[in-house]
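J.: coords below, sequence missing:
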């Protein structure tokens with residue numbers, strides 16, 4: 001529905017972050033919606049307080065309809081096996097798996113350029129589980145990943161803001 005010229009849109013805050021909630025803060029958009037209308041996104045900080053000097057390595061969260069109830073789906077751990085600072089730009093597949101990237105972590109010493117990851121929903125009320133699809137080592141793969149989108153052939157594509165052969169970023173494809 002288009003808004004008539006000259007008339008303003010209104011804003012309604014559906015959720016306000018509060019650092020007393022596991023210190024989760026700094027949401028990183030945009031948001032994505034599942035087929036039920038639930039909202040999903042990420043935060044750069046919060047979650048596991050043993051990560052990133054006590055600030056946390058970020059989370060993936062859900063705001064469930066109809067009353068926008070907050071749930072943390074996954075807390076990043078940083079380090080070599082997991083990323084930190086998830087980058088937003090979430091996409092879903094037809095089975096309800098969620099895909100995105102992180103801006104850091106995921107390499108030896110935890111100083112990598114992030115990961116591409118999949119989160120799978122719980123089958124029987126448990127926790128969402130993470131699968132790292134690709135570790136981005138510093139140069140030439142790129143750094144500061146900005147999320148993923150589906151390509152025509154079923155592969156995932158994304159861009160990085162830095163690194164690469166000329167240190168000005170890359171366009172990448174992640175495929176099985």
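T.: Nice, thanks for sending it over. Predicted model, so just to flag it, every value in this text is computed and none were measured.
J.: when you work out contacts or count neighbours from here on, use the C-alpha atoms and nothing else.
T.: Noted.
J.: just the helices in the chain please.
T.: Read by DSSP state H, the chain holds no helices at all.
J.: can you give me the strands for it?
T.: Per DSSP state E, the chain carries strands over the ranges 25-33, 39-45, 59-64, 69-75, 83-86, 91-92, 98-105, 115-120, 129-135, 143-145, 149-150, 156-162, 170-174.
J.: which of those has the lowest mean pLDDT?
T.: Among these, strand 143-145 carries the lowest mean pLDDT, a mean of 70.
J.: quick one on the thing from earlier: for residue 51, find the nearest of the strands of the chain.
T.: Comparison of the strands of the chain against residue 51 by CA to CA identifies strand 83-86 as nearest, at 8.6 Å.
J.: each with direction, which strands does the closest one pair with?
T.: If you go by DSSP bridges, strand 83-86 pairs up with strand 98-105 (antiparallel).
J.: measure how the strand it pairs with sits relative to strand 39-45, angle-wise.
T.: 10 degrees (axes from the mean of the first three to the mean of the last three CA atoms, to 10 degrees).
J.: just to revisit the earlier point, dump the strands of the chain into TSV; add mean neighbour count and distance to residue 13 as well.
T.: Below are these laid out as TSV (neighbours: other CA atoms under 10 Å; distance: least, CA to CA, whole Å):
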stretch	mean neighbour count	distance to residue 13
strand 25-33	17	14
strand 39-45	25	13
strand 59-64	22	12
strand 69-75	17	13
strand 83-86	32	23
strand 91-92	20	23
strand 98-105	27	24
strand 115-120	23	27
strand 129-135	17	29
strand 143-145	27	28
strand 149-150	17	27
strand 156-162	19	30
strand 170-174	15	34
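J.: pretty sure residue 43 contacts residue 60?
T.: Yes - Residue 43 is within contact range of residue 60, at 6.7 Å (criterion: CA atoms under 8 Å).
J.: related to what we said a few turns ago, how about the strands of the chain in JSON lines, adding distance to residue 51?
T.: As requested, the strands of the chain are exported to JSON lines (distance: least, CA to CA, whole Å):
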{"stretch": "strand 25-33", "distance to residue 51": "14"}
{"stretch": "strand 39-45", "distance to residue 51": "10"}
{"stretch": "strand 59-64", "distance to residue 51": "12"}
{"stretch": "strand 69-75", "distance to residue 51": "10"}
{"stretch": "strand 83-86", "distance to residue 51": "9"}
{"stretch": "strand 91-92", "distance to residue 51": "25"}
{"stretch": "strand 98-105", "distance to residue 51": "11"}
{"stretch": "strand 115-120", "distance to residue 51": "16"}
{"stretch": "strand 129-135", "distance to residue 51": "17"}
{"stretch": "strand 143-145", "distance to residue 51": "18"}
{"stretch": "strand 149-150", "distance to residue 51": "28"}
{"stretch": "strand 156-162", "distance to residue 51": "23"}
{"stretch": "strand 170-174", "distance to residue 51": "27"}
